[in-house]
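1. Sharing a sequence plus its predicted fold:
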Amino acid sequence: MVSVASTQGEGLAAITAGLGPDDVARVEQAVAELEPLYADRQILSGQNALQFAVSVATVLTALNVDAATRIAGLAFEAQMLYPELEEKLEERFGKEIAELVGNVRQLMRFHSLSFQPQNQEVLRGKNAAQQAAAQVETLRKMLLAMATDMRAVLVRLASRVATLRYFAETKQENEASAQYARQTFDLYAPLANRLGIWQLKWELEDLSFRFLEPVTYKRIAKMLEEKRLEREAFVANAITRLRTEMAAQDIRAEVSGRPKHIYSIWNKMRGKSIDFSELYDVRAFRVIVDDVKTCYAVLGIVHDIWT
């Protein structure tokens, strides 16, 4: 039997971080109820059900969502494995979570029906790409319109991240992983972008790119890894210097930095027809301030430091 502790190194802490004592207890109780149900069951992707549920909740925890959303992330797959649970969800977890799980399942059913081959119009001619893009955009809008609770969309995005992470961890490169990746590129990454959830957008794009263009992905990843220590040192030093300069001018701000993600780098290489060795824009920094005036003041500091 797979336990929460063995699924995640930090156990329950990975899915309860940032919650108060009462909410931590709610999540722990949900895990206790769901663990025997998931036990040795597998979901459609082939992943152990408990591992998947905890992975979804871990992604949601990183977004700092409330306890109800995390519990819905843990519980929605149970309704797929045990349809008879639908009528008992409210009794077990309360009305809010039962409705949230129902909303997630509705989104999943709609997506499944929309992507069935018999429902896909065959497009031909020079306008096929535009028509296909328009159809996917319509699907995104319909998904958002159907979500009476936007937290359900977050759970759906988190579940897709969890599935693609599993494919990556188990090194699956097959028709199924490619299909998931294509759907993610077309629907879920743009949806995350539309909602402004950048961390999910970046990861969804990178994971999808990994399965759709494995050779290119691995080539760029290798080149990035070769200079990883250098990039990390640059980011750390740049953040320290920027914070020091802003403090000297009594500017309060949140500063963060990261290496750019692989798909973004590939897009820039392709768009500018340049080689990786010619690409210098492989790092990104974010400075969050209180107002526009301060934003321009920080921009002036940045220009003074880096010409």
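-> Cool, got the structure. Residues are numbered from 1 along each chain as shown.

2. if you go through the stretch 201-307 of the chain in chain order, where are the helices?
-> Using DSSP state H, counting those that start in this stretch, the helices of the stretch 201-307 of the chain run over 214-226, 228-248, 262-272, 292-305.

3. Could you tell me the least trusted of those helices?
-> Ranked by mean pLDDT, the helices of the stretch 201-307 of the chain bottom out at helix 262-272, with a mean of 77.

4. Okay, the residue nearest to the spatial centre of the chain and L187: tell me how far apart.
-> Centroid-nearest residue in the chain, with Cα atoms, centre = their mean: L200, separated by 2.9 Å. L200 sits 13 Å away from L187, going by Cβ to Cβ, to the nearest Å. In short, each C-beta sits where N, CA and C put it, glycine included.

5. Over to F209?
-> The gap separating F209 from L187 is 15 Å, by Cβ to Cβ.

6. Which one of those two is surrounded by more residues?
-> Higher neighbour count among F209 and L187: F209, with 24 against 21, using other Cβ atoms under 10 Å.

7. residue contacts, that one?
-> Shown in contact with F209 (Cβ atoms under 8 Å, 6 or more residues apart in numbering): A181, F185, T216, Y217, I262, Y263, W266.

8. could you measure the first one against K201, distance?
-> What it means is A181. A181 is 15 Å from K201, where distance means Cβ to Cβ.

9. Same question for the second one.
-> Counting by Cβ to Cβ, the gap between F185 and K201 amounts to 11 Å.

10. Residue ranges in this structure under the pLDDT threshold?
-> 1-11, 111-136, 138-140, 142-147, 226-229, 231, 258-259, 272, 274-283 (pLDDT under 70).

11. could you pull out the strands for it?
-> Ranges of strands within the chain are 254-259, 283-288, based on DSSP state E.

12. Report the buried residues of the last one.
-> What it means is strand 283-288. Residues V287 are the ones in strand 283-288 that count as buried (16 or more other Cβ atoms under 10 Å).

13. Kindly calculate the angle that it makes with helix 228-248.
-> 30 degrees (axes from the mean of the first three to the mean of the last three Cα atoms, to 10 degrees).

14. can you count the residues close to E77?
-> Counted with other Cβ under 10 Å, E77 comes out at 26.

15. One more: L195?
-> Count around L195 with other Cβ under 10 Å applied: 15.

16. between the helices of the stretch 201-307 of the chain, which one is nearest to G73?
-> Closest to G73 of the helices of the stretch 201-307 of the chain, according to Cβ to Cβ: helix 262-272, at 25.0 Å.
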